[in-house]
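Colleague: need a 3D model of the sequence below.
(one chain, ligands or ions: 1)
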Amino acid sequence: MNETISSILNRRSIRRYLPEQIRKEDLEQIVRAGLYAPSARNKQPWHLTVVCGHELLTRLTAEVKSATLRMPDNHYAAMVQKEGYSVAFGAPILVIVSGNSADAPMVRCDCSLVLGNIFLAAHSLGIGSCWVNQLGILSDEPGFRTVLESLNVPARNTVYGCAALGYPRGAHPAAPARRENTVNYVTANQ
Ligand SMILES: Cc1cc2nc3c(=O)[nH]c(=O)nc-3n(C[C@H](O)[C@H](O)[C@H](O)COP(=O)(O)O)c2cc1C
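Modeller: As a prediction, the model looks like this:
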């Protein structure tokens, strides 16, 4: 099996991290891989906000927690109240991927592909990653908007997803079983 396919098959969502910061050169390569994602009509409508270090992420965790608890009826409320909750699972980097649907109707897909590239590039460098969804529902919450502004997330942007990045702690998780009957091949000679 070639290295790229092997990386795709072995990448897993990592939710336990060592506190060490990742190397700057590795972070830059991962971000660059994200920027080389395909995008509808090549609009590249994304913005990446790379939040670095535990000090900022601890503050962001507190803001995410407060904003989540201000939102009515959301399924993240229980999660953010758990002891030890950390928006990036204790990883030292969170990449916030945002965009604006007025600029690009397929922006959610485009941003998802950025995140896919980030996860695979990270894995290929021995760095763990996980999609973090919670910030998406907070994009329009007025108090959290000021937090996004303080991080220089563009004012009109919605957060479509985030990537936690860091060195994995503990054993590499096994791949969840694949659902069956999710593919059919169509050929002329059936
Ligand atoms: C759109 C999307 C949103 C996700 N949101 C979260 C999340 O908020 N928190 C989390 O721990 N994992 C999240 N994940 C990761 C999935 O739970 C994970 O990909 C899935 O369980 C399969 O595991 P694997 O990535 O190790 O193959 C998300 C994945 C996707 C594609």
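Colleague: residue 78: helix or strand, and which one exactly?
Modeller: helix 77-80 (DSSP states H and E).
Colleague: that helix vs the ligand: in contact?
Modeller: No: Helix 77-80 does not reach the ligand (CB under 6 Å from any ligand atom); its nearest approach is 8.7 Å. To be clear about C-beta, it is placed using only N, CA and C from the backbone, and glycine gets the same treatment.
Colleague: what helices or strands is that helix leaning on?
Modeller: Packing partners of helix 77-80 (3 or more CB pairs under 8 Å, 6 or more residues apart in numbering; DSSP states H and E): helix 54-70.
Colleague: before we move on, back to that, and the helix holding residue 78, average pLDDT?
Modeller: Averaged over helix 77-80, pLDDT sits at 93.
Colleague: just the CA trace of the one helix or strand in the chain whose mean pLDDT sits lowest, in CSV.
Modeller: Here the helix or strand of the chain ranked lowest by mean pLDDT, DSSP states H and E is helix 77-80, holding a mean of 93. Taking Å, rounded to 0.1, in the frame of the first residue of the first chain, the C-alpha atoms of helix 77-80 are listed here in CSV:
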residue,chain,number,x,y,z
ALA,A,77,-24.1,22.2,27.4
ALA,A,78,-23.5,18.9,29.3
MET,A,79,-20.1,18.4,27.7
VAL,A,80,-18.7,21.9,28.6
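Colleague: in it, what's buried?
Modeller: Neighbour counts over helix 77-80 (16 or more other CB atoms under 10 Å) mark residue 80 as buried.
Colleague: how far does that helix sit from its chain's centre?
Modeller: 18 Å (CA atoms, centre = their mean, to the nearest Å).
Colleague: pretty sure residue 46 sits against residue 110.
Modeller: Yes: with contact defined as CB atoms under 8 Å, residue 46 and residue 110 form a contacting pair (6.0 Å).
Colleague: and for those two, which residues touch both?
Modeller: Common neighbours of residue 46 and residue 110 (criterion: CB atoms under 8 Å, 6 or more residues apart in numbering): 37, 39, 99.
Colleague: looking at those, which is nearest residue 55?
Modeller: residue 99 (27.2 Å; CB to CB).
Colleague: who does the closest one bridge with?
Modeller: With DSSP bridges as the criterion, residue 99 is bridged to residue 46, residue 158.
Colleague: let me know whether it touches residue 156 as I believe.
Modeller: No: in this structure, residue 99 is not within contact of residue 156 by CB under 8 Å, at 9.3 Å.
Colleague: for the chain, give me the ranges with low pLDDT.
Modeller: Applying pLDDT under 70 to the chain picks out residues 190.
Colleague: residues in it within reach of the ligand, list them.
Modeller: Contacts of the chain with the ligand, taken as CB under 6 Å from any ligand atom, map to 12, 13, 15, 130, 131, 132, 133, 134, 173, 175, 176.
Colleague: narrow those to those in strands?
Modeller: Counted as lying in strands by DSSP state E, out of the residues of the chain next to the ligand, are 130, 131, 132.
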